[in-house]
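Enquirer: Next comes the sequence, and after it the predicted model I'd like to discuss.
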Amino acid sequence: QVQLVESGGGLVQPGGSLNLSCAASGTIFSINVRGWYRQAPGKQRELVASITRGGRTNYADSVKGRFTISRENAKNTVYLQMNSLKPEDTAVYYCNGRGVILTSGVYLGDSWGQGTQVTVSS
């Protein structure tokens, strides 16, 4: 009923930039919080950044000042602009939607994308 599709990942050199996008499709009425998570090999999935429907943002300490999250509610799309990338940013990045409500009134809770690989290497 709801599908989240990430795009924009890839290989970039240290110090470079990438812009991730995540479009939500389906019979969506609203999504309360949009977020980006990442999971590196051998590590747990961690929150990178989140943004509420009203625009309040939250960032992991490791990305503050380098990453910027934004969203277009009308397009059900969330973005993650990543600057000054470091090798330790290498991970699979997952898009999340929390508090998903369908046009039918059904509350879905959380939805996840399939993930997009970001590799920072020279």
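Expert: Looks like it arrived, so ask away.
Enquirer: If you drop the residues flanking it in sequence, what lies closest to Ala23?
Expert: Thr77 (4.8 Å; C-beta to C-beta, 6 or more residues apart in numbering). All C-beta atoms are positioned from the backbone trio N, CA, C, and that covers glycine.
Enquirer: Give me the residue at the spatial middle of the chain.
Expert: In the chain, the C-alpha nearest the mean C-alpha coordinate belongs to Trp36, at 2.7 Å (C-alpha atoms, centre = their mean).
Enquirer: contacting residues around Asn19?
Expert: Gly8, Tyr79, Leu80, Gln81, Met82 (C-beta atoms under 8 Å, 6 or more residues apart in numbering).
Enquirer: quick one: contacts for the residue nearest to Ala23?
Expert: Ser21, Cys22, Ala23, Ala24, Arg71.
Enquirer: unless I'm mixing things up, Arg45 is touching Gly35, no?
Expert: No - between Arg45 and Gly35 there is no contact under C-beta atoms under 8 Å: 11.0 Å.
Enquirer: Just the element for Ala24, please.
Expert: Using DSSP states H and E, the element containing Ala24 is strand 18-26.
Enquirer: Within the sheet, what are the partner strands of the helix or strand following that strand, with directions?
Expert: Scanning forward in sequence from strand 18-26 by DSSP H and E, the next helix or strand is strand 28-39. Next to strand 28-39 in the sheet, as set by DSSP bridges, lie strand 46-52 (antiparallel), strand 91-102 (antiparallel).
Enquirer: Mind checking the pLDDT average for stretch 56-65?
Expert: Stretch 56-65 comes out with an average pLDDT of 98.
Enquirer: Actually, stretch 87-100.
Expert: If you average the pLDDT values across stretch 87-100, you get 96.
Enquirer: residue contacts, the residue nearest to Asn96 when sequence neighbours are not counted?
Expert: Distances taken as C-beta to C-beta, 6+ apart put Gly35 closest to Asn96, at 4.3 Å, once the chain neighbours are dropped. Gly35 makes contacts with Leu47, Val48, Ala49, Ser50, Ile51, Ile69, Val78, Cys95, Asn96, Gly97, Arg98, as judged by C-beta under 8 Å, 6+ apart.
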